[in-house]
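Enquirer: here's a sequence, model it:
(2 chains)
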There are 2 protein chains.
Amino acid sequence: MPAERIGFLGLGIMGSRMAANIAAAGYPLAVWTHTPGKAERWAAEHGAEARDTPAEVAARSDVVVSMVVDGEQVASVLTGEDGALEGAQEGLVCVDMSTIGAERARAIGAALGRKGVQLLDAPVTGSAPRAEDGTLTIMVGGDAQAFERVKPLLETMGKLVVRVGGLGQGQTVKVINNSLGAANAVAVAEALVLGDAAGIDLDVLTEVVMAGSGASMQLELKGRPMRDHDYTTLFKAAHMLKDVRLCLEEAQRAGVPFSSAGRARDVLTATVGRGHGDDDYAALIEAIEGFAGRRLK
Amino acid sequence: MPAERIGFLGLGIMGSRMAANIAAAGYPLAVWTHTPGKAERWAAEHGAEARDTPAEVAARSDVVVSMVVDGEQVASVLTGEDGALEGAQEGLVCVDMSTIGAERARAIGAALGRKGVQLLDAPVTGSAPRAEDGTLTIMVGGDAQAFERVKPLLETMGKLVVRVGGLGQGQTVKVINNSLGAANAVAVAEALVLGDAAGIDLDVLTEVVMAGSGASMQLELKGRPMRDHDYTTLFKAAHMLKDVRLCLEEAQRAGVPFSSAGRARDVLTATVGRGHGDDDYAALIEAIEGFAGRRLK
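Expert: Model prediction:
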């Protein structure tokens, strides 16, 4: 049985699936989540223990993993009132797997570091099905020794687990990936609307493009949902917009333009503005259709 | 031995490799190309016959394949002076594999049709290596019976051979594919420049993105050449620009916007303007670097 005691903060769509893989691997696990009562139910189901605050989770843990929505929430559960830092023993390693941007990750890491607690930023790509299968891609920024220590733990959740650089750089790689995904998804949506308008069979268009230089993971994943106007949530449009905005902030700090991401931000802003924030980001087809004034059949 | 006599017009980078596969399959083959003397040398090497004009090629052929640079050239070799139409017998099928846009293909098809000659438009994706291996993707527009007749011939050149619709629609699918490719390539170039500026190891960035939602054929094919500033030509920037422009014309005719392709047109215009028209379109990294004012290390 693995020796390290793990704490897990945040049992949402992603977190609940990721924590389940940690429990299944045999780690002693304590959990907390924001919704009252939910941690108790989850813990009973997965052979874990529930705690009332992140501080109480940290007090009995060697490693604390957090998977929440944004930088505000990460700051709250790690360094806020009743946060992990309040219960932490020296030598605790925090692994934040949320997507919060490089600057925020560095600020939180500095606050933890003043009390002898290390932070790794370890955002993930892959939606709920890959969280469930333990096949996420996990990109880690931070201290190399701390990374080696938690790598076996991360491998219960991910297939590709890579240290990409110092603290915050996991965030940078993640938001660049998602911005590329968003930009490619916008191009796919535009191509589908044009293909349809030009009388092309979209099954044939998809088959040919997937065998050609225009192929992308976005066409493979989102072409069908876009055509069906099926926005069953695998990754929320509002979260994709957040990630693209974090990437553009990073680009601005670096003094580098990223026009494709800027266009994706605009399209996702329109998508969320049309009321699709909680839908899958495949719903960006609505904004593209709205602009073109025609709807895929 | 296949019974139909084939004519081939245009022995450039792509055409010479494609015709070689036709010859290798045992079809009786006559060839012509614009450069004097070249057809004779090529024919001697590949067991084919050379002719002095497209009309002479057509006079002894059941099917004439053309693979030239643009619509002007296709019109010239098929319907111009000494063009295939002048030598054609009734029942000849012309298969134009160049990328010339849907409108042009339909106009040339109409001119041929008035003399009982059928046209299929059959543009390809895949660069020189896939032309050599006979593994191109070939998207065909035009009459279904004519398609069935030439399909075995096309399968000597391509792995995926699909009829996508009526005359001109092969063109539409092709230029949509290439526009998606160009748009994705622009996003890749921007992401590489940002990743580099943010201090990310680009090998790691590439590995992670290829395992994630930002993956694309363009990252796989052009990421390395962009980083190496190696523009060894597989597909010329000027030709990619031509295809994107044809797609935007098609979009305008359909009354549908295609912003990603519009941006790709601008970036490719700058690439060609910087003197990279004959280089591979991976050279668009130069325009992105020029805009950002920094160069990948």
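Enquirer: and for A:Gly293, the neighbour number?
Expert: Applying other Cβ atoms under 10 Å in any protein chain shown, we find 10 residues neighbouring A:Gly293. (Each C-beta comes from the backbone N, C-alpha and C, glycine too.)
Enquirer: quick check: which element contains the residue nearest to A:Thr35 when sequence neighbours are not counted?
Expert: Setting aside the residues directly before and after it, A:Thr35 is nearest to A:Leu11 in space (Cβ to Cβ, 6 or more residues apart in numbering or on different chains), at 7.9 Å. According to DSSP states H and E, A:Leu11 maps onto no helix or strand at all.
Enquirer: how far does the longest helix along chain A sit from the chain's center?
Expert: Assignment by DSSP state H gives helix A:169-197 as the longest helix of chain A. Its chain's average C-alpha position is 16 Å from that of helix A:169-197, according to Cα atoms, centre = their mean, to the nearest Å.
Enquirer: next, the angle from it to helix B:169-197.
Expert: Inter-element angle recorded for helix A:169-197 and helix B:169-197: 170 degrees (by axes from the mean of the first three to the mean of the last three Cα atoms, to 10 degrees).
Enquirer: quick check: mean pLDDT of helix A:169-197?
Expert: Taken as a whole, helix A:169-197 carries a mean pLDDT of 98.
Enquirer: next, the nearest residue to A:Gly15 once chain neighbours are set aside: phi, psi?
Expert: Closest residue to A:Gly15 apart from its sequence neighbours, by Cβ to Cβ, 6+ apart: A:Met67 at 3.7 Å. The phi/psi pair for A:Met67 (degrees, to the nearest 10) reads phi -140, psi 90.
Enquirer: returning to that earlier point: give me the next element, helix or strand, following the longest helix of chain A.
Expert: helix A:202-210.
Enquirer: so which bits of that following helix are buried?
Expert: For helix A:202-210, burial by neighbour count (16 or more other Cβ atoms under 10 Å in any protein chain shown) applies to A:Leu202, A:Val204, A:Leu205, A:Thr206, A:Glu207, A:Val208, A:Val209, A:Met210.
Enquirer: touching chain B at all, that helix?
Expert: Yes. Against chain B, helix A:202-210 shows contacts by Cβ under 8 Å from any Cβ of the partner chain at A:Val204, A:Leu205, A:Glu207, A:Val208, A:Val209.
Enquirer: for the residue lying closest to the second one once chain neighbours are set aside, give me its contacts.
Expert: Looking back up the chat, that one is A:Leu205. Among residues not flanking A:Leu205 along the chain, A:Gly195 sits closest, at 4.6 Å (Cβ to Cβ, 6+ apart). When contacts are counted by Cβ atoms under 8 Å, 6 or more residues apart in numbering or on different chains, A:Gly195 touches A:Leu202, A:Leu205, B:Thr172, B:Val173, B:Ile176.
Enquirer: now do the first one, the pLDDT please.
Expert: What that stands for is A:Leu202. 98.
Enquirer: how close does it sit to B:Asp133?
Expert: 28 Å (Cβ to Cβ, to the nearest Å).
Enquirer: what about the residue of the stretch 51-200 of chain A found nearest chain B, neighbour count?
Expert: Nearest residue of the stretch 51-200 of chain A to chain B: A:Leu180, at 3.2 Å (Cβ to the nearest Cβ). The tally of other residues near A:Leu180 (other Cβ under 10 Å) stands at 33.
Enquirer: before we move on, what about A:Gln252?
Expert: Around A:Gln252 there are 11 residues (other Cβ under 10 Å).
Enquirer: then A:Arg114?
Expert: With other Cβ under 10 Å as criterion, A:Arg114 counts 10.
Enquirer: stretch A:126-146: end-to-end distance?
Expert: Terminal residues of stretch A:126-146 are spaced 24 Å apart (Cα to Cα, to the nearest Å).
Enquirer: give me the mean pLDDT for it.
Expert: Stretch A:126-146 comes out at a mean pLDDT of 95.
Enquirer: give the buried residues for it.
Expert: Per 16+ other Cβ under 10 Å, stretch A:126-146 contains these buried residues: A:126-127, A:130-132, A:134, A:136-143, A:146.
Enquirer: one more: stretch A:8-27?
Expert: Buried residues in stretch A:8-27 (16+ other Cβ under 10 Å): A:8-12, A:14-23, A:25, A:27.
Enquirer: try stretch A:142-160
Expert: A:Gly142, A:Asp143, A:Ala146, A:Phe147, A:Arg149, A:Val150, A:Leu153, A:Leu154, A:Thr156, A:Met157, A:Gly158, A:Leu160.
Enquirer: what count of nearby residues applies to the closest residue to the first one other than its chain neighbours?
Expert: By the measure of Cβ to Cβ, 6+ apart, the closest residue to A:Gly142 outside its immediate chain neighbours is A:Leu120, 3.8 Å from it. A:Leu120 has 25 neighbours, counted by other Cβ under 10 Å.
Enquirer: wait, is A:Leu120 part of a strand?
Expert: Yes. Assigned with DSSP: H, G, I helix; E, B strand; the rest coil, A:Leu120 falls within a strand.
Enquirer: give the contact list for A:Thr174.
Expert: I think there's a mix-up here, since residue A:174 is Lys and not Thr. A:Thr99, A:Pro123, A:Val124, A:Thr125, A:Met139, A:Asp243.
Enquirer: now it: closest residue in space, sequence neighbours ignored.
Expert: In space, A:Lys174 is closest to A:Pro123, 3.9 Å off (Cβ to Cβ, 6+ apart).
Enquirer: same check, this time on A:Ile100
Expert: Using Cβ to Cβ, 6+ apart, the nearest residue to A:Ile100 is A:Gly71, at 3.8 Å.
Enquirer: show me the contacts for the one you found.
Expert: A:Ser98, A:Ile100, A:Gly101, A:Arg104, A:Ile108.
Enquirer: one more: A:Ile108?
Expert: A:Gly71, A:Val74, A:Ala75, A:Leu78, A:Thr79, A:Asp96, A:Ile100, A:Leu119.
Enquirer: okay, and it sits in which element?
Expert: Counting by DSSP H and E, A:Ile108 is found in helix A:102-113.
Enquirer: off-centre distance for that helix?
Expert: Using Cα atoms, centre = their mean, the mean C-alpha position of helix A:102-113 is found 18 Å from that of the whole chain.
Enquirer: quickly note the distance from the closest residue to A:Gly223 other than its chain neighbours to B:Ala254.
Expert: Take A:Gly223 and drop its neighbours on the chain: the residue closest to it by Cβ to Cβ, 6+ apart is A:Thr206, 5.4 Å away. Computed as Cβ to Cβ, the A:Thr206 to B:Ala254 distance reads 18 Å.
Enquirer: before we move on, what about A:Glu220?
Expert: Taking Cβ to Cβ, one finds A:Glu220 at 25 Å from B:Ala254.
Enquirer: of those two, which one has the most company?
Expert: B:Ala254 (19 against 14).
Enquirer: tell me the contacts of A:Val77?
Expert: So A:Val77 contacts A:Leu9, A:Gly10, A:Trp32, A:Pro54, A:Ser66, A:Val68, A:Gly83, A:Ala84 (Cβ under 8 Å, 6+ apart).
Enquirer: before we move on, what about A:Val63?
Expert: A:Val63 neighbours (Cβ under 8 Å, 6+ apart): A:Glu4, A:Arg5, A:Ile6, A:Gly7, A:Leu92, A:Val93, A:Cys94, A:Val95, A:Arg149, A:Val150, A:Leu153.
Enquirer: ok, A:Ser216 next?
Expert: A:Asn184, A:Ala187, A:Val188, B:Leu180, B:Asn184, B:Ala215, B:Ser216, B:Met217, B:Gln218.
Enquirer: you'd agree the fifth one is up against A:Val188?
Expert: What it means is B:Asn184. No. Taking contacts as Cβ atoms under 8 Å, B:Asn184 lies outside contact range of A:Val188: 9.5 Å.
Enquirer: so for the two, which sits in the more crowded spot?
Expert: B:Asn184 (32 against 29).
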